[in-house]
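A.B. asks: return atomic coordinates for the entry below.
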Amino acid sequence: MPDRAIPLVDLSKFVHGNTKERQAFVEKLGTAFHKIGFVGVINHGISQQLIDDFYAASKDFFSLPVSTKRNYEIKGLAGQRGYTSFGKEHAKQSDVPDLKEFFQIGQEVPNNHPFKSQYPDNVQVGEMPNFTKLGQELYQAFEKSGGQLLKAIAIHLELGEDYFDDKIEAGNSILRAIHYPPIREEPDSAIRAEQHEDINLITLLVGASAGGLQVLNLDNEWLPVIPEEDEIVINVGDMLQRLTNNYLISTTHRVVNPPREEWHLPRLSIPFFLHPIANMDLTCLDRCVTNKNPLQYEPITAGEYLDERLREIGLKK
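C.D. replies: Residues are numbered from 1 along each chain as shown. Below is the predicted model:
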């Protein structure tokens, strides 16, 4: 079996383990995020049945006629809810659109919640009443597992395990179902998703229906990430890199096109972008600013940073 591109950790050792197992998990996760920025996680607590059901529903949604899907592309939402059609999003350093379309589901809060005005309602698909409902259930499962991973990171950073709790409670996270259609002619770019870094704190990705994910290591080599069964892939986003003054690294990654003989195969992937609340302060942590690693970033809030990045990738005008 070839060497793995990223380490593998078992989340149940942190959630249900004894002191020694928890410490070992924190050490392994912290080291992986410091050196590689990516990790595979097993026993993550997310129901395989729920993942399978949402995959099937996503496949059915993307099979709808383009004219039908476009009914769920809502102007003014910067793609943060509902459908975004093929060729709208690009990496910040590229003008060539990625070869994908997607559907996004976001945070839901009660009508009397202080953040209600920040979070538009999720888009319901008339032809598939279960689609958004399943997505919301998966969203909550991801939120729970992501919260456990951030507890471990907070311990690693010596912040106390509850450091992120109030910053991600009702946070601005996004569940995205991405469809990369079959490639029918020589594309302008050989890339389904151009190299990029994620904006958020951490991303949780359920194994895609086809290969293609690659990460750029410190030796400037592209390594394929091939998750095992029941494994989810987790990576550091730019907000966590910024907060830790580049101690935890937001690694460049991309989705490459398959070999020509597999061009007819579509690809479906389901990432969960775990975001904090908009007013979280991303000022670099004092403990991460040293003589060897002087301050790298100006203070900014998570909301301001997200706004800036959505403009860079073409979703917000």
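A.B. asks: ok, what's across the strand from the nearest residue to Gly135 once chain neighbours are set aside?
C.D. replies: Spatial nearest neighbour of Gly135, excluding adjacent residues (Cβ to Cβ, 6 or more residues apart in numbering): Ile105 at 4.1 Å. Where you see a C-beta, it was placed from the backbone N, CA and C, and this is true even at glycine. Ile105 has the following beta-bridge partners by DSSP bridges: Leu175.
A.B. asks: quick thing: my sequence starts at 40, can you match it?
C.D. replies: Fine by me, first position is 40 from now on; the one you just mentioned is Ile144.
A.B. asks: now do the contacts for Ile144.
C.D. replies: By Cβ atoms under 8 Å, 6 or more residues apart in numbering, the contact list for Ile144 reads 120, 161, 171, 174-175, 178, 213-215.
A.B. asks: what do you get for Gln87?
C.D. replies: Counting by Cβ under 8 Å, 6+ apart, Gln87 touches Asp269.
A.B. asks: do you know the pLDDT at it?
C.D. replies: For Gln87, the model assigns a pLDDT of 92.
A.B. asks: turn the contacts of Ile144 into TSV, including pLDDT and neighbour count.
C.D. replies: Listed next are the contacts of Ile144 as TSV, based on pLDDT from 0 to 100; neighbours: other Cβ atoms under 10 Å:
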residue	pLDDT	neighbour count
Arg120	94	20
Asn161	95	19
Thr171	95	23
Gly174	97	25
Gln175	97	16
Tyr178	98	21
Ile213	97	22
Leu214	97	25
Arg215	96	21
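A.B. asks: so Leu177 sits against Ile90, correct?
C.D. replies: Yes. At 6.8 Å, Leu177 counts as touching Ile90 under the criterion of Cβ atoms under 8 Å.
A.B. asks: who has more neighbours out of those two?
C.D. replies: Leu177 (24 against 19; other Cβ atoms under 10 Å).
A.B. asks: apart from its chain neighbours, what residue comes closest to the more buried one?
C.D. replies: Phe93 (4.9 Å).
A.B. asks: which one of the contacts of Ile144 is nearest to Val245?
C.D. replies: Of all these, Val245 sits closest to Leu214, with 10.0 Å by Cβ to Cβ.
A.B. asks: how about the closest one, what does it touch?
C.D. replies: Contacts of Leu214 (Cβ under 8 Å, 6+ apart): 143-145, 174, 177-178, 181, 309-312.
A.B. asks: now render those as JSON lines, adding secondary structure and distance to Ile271.
C.D. replies: Listed next are the contacts of Leu214 as JSON lines, based on DSSP: H, G, I helix; E, B strand; the rest coil; distance: Cβ to Cβ, whole Å:
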{"residue": "Gln143", "secondary structure": "strand", "distance to Ile271": "19"}
{"residue": "Ile144", "secondary structure": "strand", "distance to Ile271": "17"}
{"residue": "Gly145", "secondary structure": "strand", "distance to Ile271": "20"}
{"residue": "Gly174", "secondary structure": "helix", "distance to Ile271": "16"}
{"residue": "Leu177", "secondary structure": "helix", "distance to Ile271": "11"}
{"residue": "Tyr178", "secondary structure": "helix", "distance to Ile271": "14"}
{"residue": "Phe181", "secondary structure": "helix", "distance to Ile271": "9"}
{"residue": "Ile309", "secondary structure": "strand", "distance to Ile271": "10"}
{"residue": "Pro310", "secondary structure": "strand", "distance to Ile271": "10"}
{"residue": "Phe311", "secondary structure": "strand", "distance to Ile271": "9"}
{"residue": "Phe312", "secondary structure": "strand", "distance to Ile271": "13"}
